[in-house]
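# predicted coordinates and the sequence they were generated for:
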Amino acid sequence: MITLSRNEATKLLNKFWNKTKKEWFKVETLQDYTAEDIGPSLQSWLNGNKENSIRLMLKDTNKQEWVEQAKNSLFKKIRIHIAEQPYTSYLEWEIEHYKHLNIPLGDEEVYLVNKKDVANLDLPDRDFMVFDQKRVAKNYYDSHGLAYQMDFYDWDQGDDISQFLSCRVKLLKKISELQPIQKS
């Protein structure tokens with residue numbers, strides 16, 4: 001396992017993504033990533049102008065690289081957000097983001113799972129991504145939802161990723177009972 005700062009992590013994260021052939025599996029645990037996503041769309045949402053927020057979301061040119069990367073990937077993409085009730089304003093905005101961008105443009109399956117329904121699962125304490133059940137990236141965020149470092153695990157390098165794989169299996173079983181979020 002290696003730990004890298006956010007700036008250093010991008011290259012290795014892209015390498016993990018580009019090596020993926022079958023499946024990308026992401027678990028999100030925070031209820032607010034405002035510092036990561038603050039921009040005109042989110043700001044408009046937080047100010048109560050939801051229609052304008054969605055319009056701005058659809059015009060966001062900063063997402064073009066992500067959209068192209070997602071479109072060019074042929075593997076399955078599953079995103080699970082462990083959510084608490086009531087939803088934060090941020091999470092309400094992110095659900096719209098999923099509906100308008102992640103699902104139709106990124107070809108993701110996105111699920112919201114109630115935190116209470118997975119309280120008995122031994123979930124890692126951070127967001128994480130599993131690439132082809134061989135590589136894992138675990139995110140660290142500050143109190144404002146801004147990523148500042150990542151841990152990288154590579155099964156081919158002898159890293160133990162069993163906790164992440166076990167969590168993946170348990171969450172896949174859980175989402176088999178749920179319907180994914182539908183695109184708008």
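Ah, there it is.
# count of residues packed around L171?
Residues near L171, counting by other CB atoms under 10 Å, number 20. All C-beta atoms are positioned from the backbone trio N, CA, C, and that covers glycine.
# tell me which residues of the helix or strand hosting it are tucked away?
Using DSSP states H and E, L171 sits within helix 162-175. By neighbour count on 16 or more other CB atoms under 10 Å, the buried set for helix 162-175 is 164-165, 167-168, 171, 174-175.
# packing partners of the lowest-mean-pLDDT helix or strand in the chain?
Lowest mean confidence among the helices and strands of the chain (mean pLDDT, DSSP states H and E): helix 64-72, at a mean of 78. Helices and strands touching helix 64-72, by 3 or more CB pairs under 8 Å, 6 or more residues apart in numbering; DSSP states H and E: there are none.
# mind listing the strands for the protein?
According to DSSP state E, the chain carries its strands in the segments 2-5, 23-28, 76-83, 108-114, 128-131, 135-141, 147-154.
# alpha carbons of the fifth one, in CSV - could you do that?
Output of strand 128-131 as CSV, limited to C-alpha atoms (Å, rounded to 0.1, in the frame of the first residue of the first chain):
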residue,chain,number,x,y,z
PHE,A,128,-13.0,3.7,-1.8
MET,A,129,-12.9,2.4,-5.3
VAL,A,130,-12.2,-1.2,-6.4
PHE,A,131,-10.9,-1.8,-9.9
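# wait, doesn't Y87 sit right on E96?
No - contact criterion CB atoms under 8 Å: Y87 and E96 do not qualify, at 11.3 Å.
# the two: which has the busier surroundings?
E96 (17 against 14).
# ok, that one touching L58?
No - when contacts are counted by CB under 8 Å, E96 is not listed as touching L58 (10.3 Å).
# just to revisit the earlier point, what lies in contact with the helix holding L171?
The contact list for helix 162-175 (CB atoms under 8 Å, 6 or more residues apart in numbering) reads 25, 27, 78, 80, 111, 113, 117-118, 121-124, 128, 130, 133, 136, 138, 153.
# just the buried ones among these, please.
25, 27, 78, 80, 111, 113, 118, 123, 128, 130, 136, 138, 153.
# pLDDT check: weakest of these?
Scanning the buried ones among the contacts of helix 162-175 for pLDDT, the smallest score is found at L123, 85.
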